[in-house]
Every structure is written in structure tokens, then in C-alpha cells.
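Chemist: What would the 3D arrangement of this be:
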Amino acid sequence: MAAGLTERICDLAAQPPALSAADQDDILLAFADTLACAHAGWAEPVTRAVAGAFRGGAVPLLDGGMAPSAEHAALVTATAGHALDYDDVHLDSTTHPSVVIVPALLAVQAERGLDAARLAPAFAVGIAVNAALGRAMGFAHYRRGWHATSTIGPLAGAAALAHLMRLDRASTRHALALAAAQSGGLQRNFGAMAKPAQAGFAAAAAVRAATLAAAGVTADADVLGPGGFLDLYGGDAEATARGATVALEARPGSIARKLYPCCYATHRLIAAALDARAQWGGPPPGAAALTLHVPAGGMQPLRRTLPGTGLEAKFSAEYTVAAALWQGRLGLADFEDAAVARAGGRMARVTVIEEPVPADGAQGLEHGAARLEVRYGNHVVEGRAAAIPGSPARPATRAEMDAKIADCLARHAATGASVPGPAAFMAGLGRLLAPPVAVAA
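Modeler: The predicted structure is shown next:
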């Protein structure tokens, strides 16, 4: 009989497979992307509020300040990393995995002085667990209104920390169950400060779970078995059965990286708008009629029809499509409140039609294609996008990522903070994740 998912996670945490050079590059980029987004989000009101609630201590933060503990440092950094909704995504699980796993690992490693050479394989463990739980629970979990980053993230982060902290098998089981006991987060909070704070909660929960398990706190030995986490959160009766057979592979290359600072569900819609703009030969007239066709399930997180703030606009199909269509681009400045106010008339012209669930039942971020019809008099074009920009089907180029990282660091530097330049930033992370091997004299 095949081992259940809990046992296979324990096996992976104890001995992850060797990482290839490509894996190492993917992990370095995941750390860089996450921390660059945290730098960009450091001055956001939600980050300032969370960091201000917990002052002083011994664990370093990105701005040179200190947090009281690894748990608090993970909370602050993950909140900052998710504050602009610019951090990476895993499509199958509909989660933001790195923003939970990276802050948790770095906070614990710094607090305890643990072997930095274990950070990269620990991250690979966390990504594998994140992906497996997402596939086991399916889109039904997300469709019920859960913020999957905050439900799956604590377990993925706890598994990663189990490797970093060298937890034994029993303690790893307990860490997973303690993390599951803290699993939560609601899509109702999208468009409010609570959304990035929920990512912070997930990272802090992972640290708390692993710390308590290491200290001897016990919990259920098979939280992913029948009647456990998958049954309760999965959204259908098949989740635990899928969990028993789902693949558990350390594949950092499965991550999708954002090229626009807004909900990933908007990115294919943005691509369709840019395609329509290219066909039109520039921006259409302001009175053009716009009809947006979205694949089934694609509107689930896009709760803001006519947003009034930059934070709300990150979850608006109407705003992001109108901005991309008329401007030809979307960047950090387009999610300031003033930019949203200027776009009121244009986004009101967008009619959204969500397609019915297809016969095969496929839903989620990567199914189907987005289409935007632009009509002005007798002139009609249709922009279309199937692959999501930055996804494994249309990977972000290194030039795109270099530009993004530089832009994020510059945003933090503009506040007067002391921030490394892009080259120094990447070099420092490279040294941390791949410490030099001592050579015998």
C-alpha cells in the first residue's frame, strides 16, 4: 500500500532530491522576486501598521529594523511581500507560495543561525507541498471563498522549515498538524489591508508550528488522512483520495511570476487587452464599447467592479483591462488612488461575461482563453490571450524580471531607505543561497 501524503511529506523533508543548476537558478529568482516585492511594499500603509505593532527585538528586517522574534519577522516581511500583489503565483493551487515560504525560512535561519545551505532545498520542499495540496484540494477549495495562500501556506511553510530545522519524522508530522490548526484566510478580504496581512499570518503560522513542534508540542500524526485537513477544506468528497496519490515533486520551475502588480487573475485579461490595442493600432476612441469574455472561474477573486482605490483596483477586471487598453502598459504607479480616479469613465465601459463551466468541468486560472471585443461603429477587433504572461506556458524573460526587481528596489529607495542596487542585491542572495564550500588545505 502506498504511503499517504503525510508520510511522503516527511520523507521529502528529511531527504529532498538533489537540485539541478536550473533548480538553483529558479530558487534564487524566487527569493529575489519575493524580497524585491517586499522592498516595494515596505512603505505601504499595511506594512507600516504591521511592523509598527511589533517593535524592537533581535531578528533583522529589510529596512534595518528589528522584530521581536522569527515569527514576527515572517509576519512583517510576508505582509510587505504581498502588499502590492506583485509576488509569484502557483496556478494549480491558486496560491502565492514564495511570499509565505521565503520570509518564514529567512526569519528562522537568521534567528537561529542555521545552515544557509539548507535554504534552497527547504524552499523546494515547501513548493512541492504547496503544489501537492493545491492539486489534492482542486479549484473547489478556492471557489468556496478561501484565500488559498493562507490555508495551504502554513503547511507548505512548516514542511520547508522541517527540513531547515532538521526536525525528526514525528516532529514533522506534528508541525504539519499544528500548521493545519492555524489554516485560514478569506477572499472577502481581497481589496483590503487584510489580504496581504493574511499572507503574513500564514508565514507566521508556519514558524509558530515548526517552533512548537521542535519544542515538543504534539499533534495529530496524520493531519492529511481521512477526516483531516483535506476533507475539511477541500470542497468536495474526493480531496483526501486525491491526496493519497498526488505527485510530490520538488519543482521550483512550476512557479508563475507576475509582470503586473495586481491579482494574477487579471493578467490574462490584460494580455487580451494589449493584443486588442495592437490590432487597433493604439488606444481606441474613448466611446468604444468593450466586451470582455472570461473563462469559467476566472472572476472568482475579481470582486471589485468599479474600484475607488488603488488597492481595490488590483482586483478589478474592468480597471486593469481599461488601463492596459488605453495606456498600453500597467505599472506600480497605475495602482495609486489618483490613477484609479482618472479611469472611472473608461472602466465603466467594460462589460464582463464569464463563460459557463465547460463540459469537462475545467476551472481555474490557466483554463480556457480570455477575449476582449473592442467595438466602435463598424470597426471591431478581438484581442485574445490563452497563456498567462509570466506563467510556465509563457515564462517571464530574465530581462523582464531584472526590470521588475530594479523597479521594486527603486520604489523602496525613493522613500529614503538604504537599499542595495540590483546587482548587489542579486549577488548577496546568491552568496546566501549557495555559500562557498570550504576547501581543505
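Chemist: Would you check how far apart Val50 and Thr151 are?
Modeler: In this view, Val50 and Thr151 are 20 Å apart by CB to CB, to the nearest Å. Quick note: C-beta positions are derived from backbone N, CA and C, even for glycine.
Chemist: quick one: which of the two has more around it?
Modeler: Neighbour totals were compared for Val50 and Thr151, and Thr151 leads with 26 against 22 (other CB atoms under 10 Å).
Chemist: Ramachandran angles for the residue nearest the centre of the chain?
Modeler: Centroid-nearest residue in the chain: His96, 1.8 Å away (criterion: CA atoms, centre = their mean). Reported as degrees, to the nearest 10, the phi and psi values for His96 are phi -110, psi 90.
Chemist: quick one, what contacts it?
Modeler: Neighbouring residues of His96 by CB atoms under 8 Å, 6 or more residues apart in numbering: His82, Asp87, Asp88, Val89, His90, Thr149, Gly153, Ala199.
Chemist: same deal with Gly184?
Modeler: Ser150, Thr151, Gln198, Phe201.
Chemist: can you check Pro68 too?
Modeler: Applying CB under 8 Å, 6+ apart, the residues near Pro68 are Phe54, Arg55, Gly56, Gly57, Ala58, Val59.
Chemist: So which of those belong to strands?
Modeler: Of these, the ones assigned to strands by DSSP state E are Val59.
Chemist: Could you export the helix or strand harbouring Thr34 as PDB, CA atoms only?
Modeler: With secondary structure defined by DSSP states H and E, Thr34 is part of helix 21-40. Extracted C-alpha coordinates of helix 21-40, given in PDB (Å, rounded to 0.1, in the frame of the first residue of the first chain):
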ATOM      1  CA  ALA A  21      21.600  24.100 -11.700                       C
ATOM      2  CA  ALA A  22      18.300  25.200 -13.300                       C
ATOM      3  CA  ASP A  23      16.500  24.500 -10.000                       C
ATOM      4  CA  GLN A  24      19.100  26.600  -8.100                       C
ATOM      5  CA  ASP A  25      18.500  29.400 -10.600                       C
ATOM      6  CA  ASP A  26      14.700  29.200 -10.200                       C
ATOM      7  CA  ILE A  27      15.100  29.300  -6.400                       C
ATOM      8  CA  LEU A  28      17.400  32.300  -6.500                       C
ATOM      9  CA  LEU A  29      14.900  34.100  -8.700                       C
ATOM     10  CA  ALA A  30      12.000  33.200  -6.400                       C
ATOM     11  CA  PHE A  31      13.900  34.600  -3.300                       C
ATOM     12  CA  ALA A  32      14.900  37.700  -5.300                       C
ATOM     13  CA  ASP A  33      11.300  38.300  -6.700                       C
ATOM     14  CA  THR A  34       9.800  37.800  -3.200                       C
ATOM     15  CA  LEU A  35      12.200  40.100  -1.400                       C
ATOM     16  CA  ALA A  36      12.100  42.700  -4.200                       C
ATOM     17  CA  CYS A  37       8.300  42.800  -3.800                       C
ATOM     18  CA  ALA A  38       8.700  43.100  -0.100                       C
ATOM     19  CA  HIS A  39      11.000  46.100  -0.600                       C
ATOM     20  CA  ALA A  40       8.500  47.700  -2.900                       C
END
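Chemist: How about that helix, which residues are buried there?
Modeler: 23-24, 26-40 (16 or more other CB atoms under 10 Å).
Chemist: Torsion angles phi and psi at Pro97?
Modeler: phi -80, psi -40.
Chemist: my guess is it contacts Pro154, does it?
Modeler: No. Look at Pro97 against Pro154 with CB atoms under 8 Å: they stay out of range, at 11.7 Å.
Chemist: what's the spacing between Tyr142 and Ala406?
Modeler: 32 Å.
Chemist: Those two: which is more packed in?
Modeler: Tyr142 (25 against 15).
Chemist: how close does the residue nearest to the more buried one when sequence neighbours are not counted get to Glu318?
Modeler: Distances taken as CB to CB, 6 or more residues apart in numbering put Thr94 closest to Tyr142, at 4.5 Å, once the chain neighbours are dropped. As judged by CB to CB, Thr94 and Glu318 stand 21 Å apart.
Chemist: Ala78 against Leu105, yeah?
Modeler: No. Ala78 is beyond contact range of Leu105, at 11.1 Å (criterion: CB under 8 Å).
Chemist: Work out for me the element the residue lying closest to Ala239 once chain neighbours are set aside sits within.
Modeler: The shortest distance from Ala239 to any non-neighbouring residue, by CB to CB, 6+ apart, is to Leu230 (4.1 Å). Using DSSP H and E, Leu230 falls within helix 229-233.
Chemist: for Ala221, what are its contacts?
Modeler: Shown in contact with Ala221 (CB under 8 Å, 6+ apart): Thr6, Ala170, Arg173, His174, Ala177.
Chemist: Helix, strand, or coil at it?
Modeler: Secondary structure assignment for Ala221 (DSSP: H, G, I helix; E, B strand; the rest coil): coil.
Chemist: returning to what we had before: between Ala78 and Leu105, which one's more packed in?
Modeler: Ala78 (37 against 31).
Chemist: helix or strand right after the helix or strand containing the more buried one?
Modeler: Using DSSP H and E, Ala78 sits within helix 70-82. Sequence-wise, the next helix or strand downstream of helix 70-82 (DSSP H and E) is helix 98-112.
Chemist: in that next one, what counts as buried?
Modeler: Applying 16+ other CB under 10 Å to helix 98-112 flags 98-111 as buried.
Chemist: From those residues, pick the one nearest Ala247.
Modeler: Using CB to CB, Ile101 is the member of the buried residues of helix 98-112 that lies nearest Ala247, at 18.8 Å.
Chemist: mind listing what that closest one touches?
Modeler: Listed by CB under 8 Å, 6+ apart, the contact partners of Ile101 are Phe123, Gly126, Ile127, Asn130, Gly153, Ala156, Gly157, Ala160, Ala203, Ala206.
Chemist: Swap in 7 Å and give it another go.
Modeler: By CB atoms under 7 Å, 6 or more residues apart in numbering, the contact list for Ile101 reads Phe123, Gly126, Ala156, Gly157, Ala160.
Chemist: Need those residues in TSV (columns: distance to Glu355 and pLDDT).
Modeler: Putting these into TSV (distance: CB to CB, whole Å; pLDDT from 0 to 100) gives the following:
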residue	distance to Glu355	pLDDT
Phe123	36	97
Gly126	34	97
Ala156	31	98
Gly157	35	98
Ala160	37	98
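Chemist: mind listing which of those are in helices?
Modeler: Residues of the contacts of Ile101 located in helices (DSSP state H): Phe123, Gly126, Ala156, Gly157, Ala160.
Chemist: Are any of these buried, and if so which?
Modeler: Applying 16+ other CB under 10 Å to the ones in helices among the contacts of Ile101 flags Phe123, Gly126, Ala156, Gly157, Ala160 as buried.
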